[in-house]
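[1] Here's my sequence, what's the structure:
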Amino acid sequence: MKTLHLVLQSKWFDKIASGEKTSEYRECKSYWDQRFFCNQYSTVVFHRGYKSTTMTFEIESIGITTEPNDLGLDKCWEIKLGKRIK
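    Now for the predicted structure:
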């Protein structure tokens with residue numbers, strides 16, 4: 001299994017760190033489609049901007065959702081976060 005690395009703005013990083021946000025979303029575009037279809041990820045490392053501050057979570061699941069999301073899109077990728085590792 002692989003580790004997914006995502007760079008986040010401080011606002012979203014802080015919401016995940018506090019536990020207020022339990023999923024991360026990405027647009028359904030060919031870039032993300034290819035990454036998620038071709039790879040299986042077990043963990044995600046969130047980077048606060050392009051600084052050295054990071055946190056690591058287990059990934060419960062990655063799938064397409066039509067539920068309300070941070071992006072305001074009708075359909076997007078949802079990365080459901082599990083337990084925080086670091």
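
[2] residue nearest the centroid of this structure?
    Residue closest to the average C-alpha location in the chain (CA atoms, centre = their mean): Glu24, at 3.7 Å.

[3] who's in contact with that residue?
    For Glu24, the contacting residues are 6, 8, 12, 16, 44, 46, 78-79, 81, by CB atoms under 8 Å, 6 or more residues apart in numbering. Quick note: C-beta positions are derived from backbone N, CA and C, even for glycine.

[4] element containing it?
    Element membership of Glu24 [criterion: DSSP states H and E] is strand 23-27.

[5] relative to strand 23-27, how tilted is the helix or strand just after that strand?
    Counting by DSSP H and E, the next helix or strand C-terminal to strand 23-27 is helix 30-38. Relative orientation of helix 30-38 versus strand 23-27 (axes from the mean of the first three to the mean of the last three CA atoms, to 10 degrees): 120 degrees.

[6] Skip ahead from helix 30-38 and say which helix or strand is next.
    strand 41-48.

[7] Show me which residues of that next one are buried.
    Buried residues in strand 41-48, counted by 16 or more other CB atoms under 10 Å: 41, 43-44, 46, 48.

[8] quick one on the thing from earlier: are any of the contacts of Glu24 buried, and which?
    The neighbour-count test (16+ other CB under 10 Å) marks 8, 12, 16, 44, 46, 78-79, 81 as buried among those.

[9] Tell me the one of the contacts of Glu24 nearest Ser52?
    Closest approach between the contacts of Glu24 and Ser52, by CB to CB: Phe46, at 12.4 Å.

[10] ok now do that closest one, which residues does it touch?
    Per CB under 8 Å, 6+ apart, neighbours of Phe46: 6-8, 13, 16, 24, 54-57.

[11] List the buried residues for the lowest-mean-pLDDT helix or strand in the chain?
    In the chain, no helix or strand scores lower on mean pLDDT, DSSP states H and E than helix 30-38, which sits at a mean of 94. Using 16+ other CB under 10 Å as the test for burial, helix 30-38 gives 32, 36.
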